[in-house]
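Visitor: sequence unknown, structure follows:
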Ligand SMILES: Nc1ncnc2c1ncn2[C@@H]1O[C@H](COP(=O)(O)OP(=O)(O)OP(=O)(O)O)[C@@H](O)[C@H]1O
């Protein structure tokens, strides 16, 4: 098993990317469009040279200005949105191609290819031409082809994005099964929280050409530290100051009562944002009173009242409705608190219509304390 260490800059893309992925770990790489996720993978694969800094696979320095180990000598396998099989070869020879290129004899390469095709459920397609298979089958075959080369590192760049939902679900299960069995260090670029949760041990967030946060995937998805991940998992996130473990003060004077959520044990490997970075897991001392923290709660937990709520529930905030959007059988209300913080609420169509909840309307938002988690940055 091989560690992946990137501490590299790409001047033409304004990227300065630092990441250490532990041997055998699966790291989901998330971030906005154009943030630098593919750039990170290209530095590891060798498709891109750093302008400064270095890339290491295990103990081997594969890129530093002046030294560039080419992709085919890095023992990395890349799987992208589109399978890109060789049309002139049949499916078996597509998969046997990698072992053959590494000097494995033809009969042994074909035996390996057959085993890999069986492992992805495509053994019966071996004799077909590459253009005679469906998109979902092609992606399974591409996975077999990638793993047949015995890569030290697997790079998956949105491997499910081009598949329809049911095919993607089957491919997600297959990836989970194969990657877990193989224990190969994997970087997975995805825009899908479910993929990250289902497949990865760790999450790395890339924004503006930097890895701005990295840590255990369950922690990072259940306790987001910023709006990108909060949007990814579709929760409300209010930043403020933790003045007690169960109370967060918001910048505008409102406060939030909730359940304190500690870091908890997170066994298994996880990445760090690289050796020179100031980022990483927050120490427990950060939970001292006055520390920056967050309140996190689901849009479905927010009740919307036209008048001040009776009984003074602990979390009630004055807000203004900004937008009203249909969401299947529900309506997503986007509201703004006094300090400008956005809060989303999901209501039934009937509740939204009865309340006359249109943009500009002043409302009261109520959330039960038991449905809010509070944690330090
Ligand atoms: N071949 C290229 N030549 C020059 N600049 C590029 C090239 N590819 C990407 N970039 C730029 O580098 C930056 C990072 O792009 P990158 O493709 O790594 O982002 P990303 O996070 O993978 O985005 P997306 O989610 O849209 O795929 C962007 O500003 C992009 O415009």
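Guide: Ah, there it is. Please read these numbers as outputs of a predicted model, since none were measured by experiment.

Visitor: any low-confidence regions in the stretch 151-300 of the chain?
Guide: 263-289 (pLDDT under 70).

Visitor: Okay, strands next: where are they in it?
Guide: For the stretch 151-300 of the chain, the strands defined by DSSP state E, counting those that start in this stretch occupy 153-157, 185-189, 202-207, 210-216, 236-244, 247-249, 255-257, 259-260, 291-297.

Visitor: With distance to residue 52 and mean neighbour count as extra columns, can I get the ones you listed in a markdown table?
Guide: In short, each C-beta sits where N, CA and C put it, glycine included. A markdown table is the format used below for the strands of the stretch 151-300 of the chain (distance: least, C-beta to C-beta, whole Å; neighbours: other C-beta atoms under 10 Å):
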| stretch | distance to residue 52 | mean neighbour count |
| --- | --- | --- |
| strand 153-157 | 22 | 24 |
| strand 185-189 | 21 | 26 |
| strand 202-207 | 18 | 26 |
| strand 210-216 | 15 | 23 |
| strand 236-244 | 34 | 19 |
| strand 247-249 | 41 | 20 |
| strand 255-257 | 44 | 20 |
| strand 259-260 | 43 | 14 |
| strand 291-297 | 32 | 21 |
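
Visitor: Between these, which one is closest to residue 358.
Guide: strand 236-244 (20.8 Å; C-beta to C-beta).

Visitor: For that closest one, which helices and strands make contact with it?
Guide: helix 227-233, strand 247-249, strand 255-257, strand 291-297, strand 342-348 (3 or more C-beta pairs under 8 Å, 6 or more residues apart in numbering; DSSP states H and E).

Visitor: now what about the second one, what contacts it?
Guide: For strand 247-249, contacts defined as C-beta atoms under 8 Å, 6 or more residues apart in numbering pick out 238, 240-243, 255-258, 293-295, 374.

Visitor: Run me through the strand neighbours of that strand, direction for each.
Guide: strand 236-244 (antiparallel), strand 255-257 (antiparallel) (DSSP bridges).

Visitor: Using TSV, please lay out those strands together with distance to residue 344.
Guide: As requested, those are exported to TSV (distance: least, C-beta to C-beta, whole Å):
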stretch	distance to residue 344
strand 236-244	6
strand 255-257	15
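
Visitor: so which of these gets nearest residue 112?
Guide: strand 236-244 (47.4 Å).
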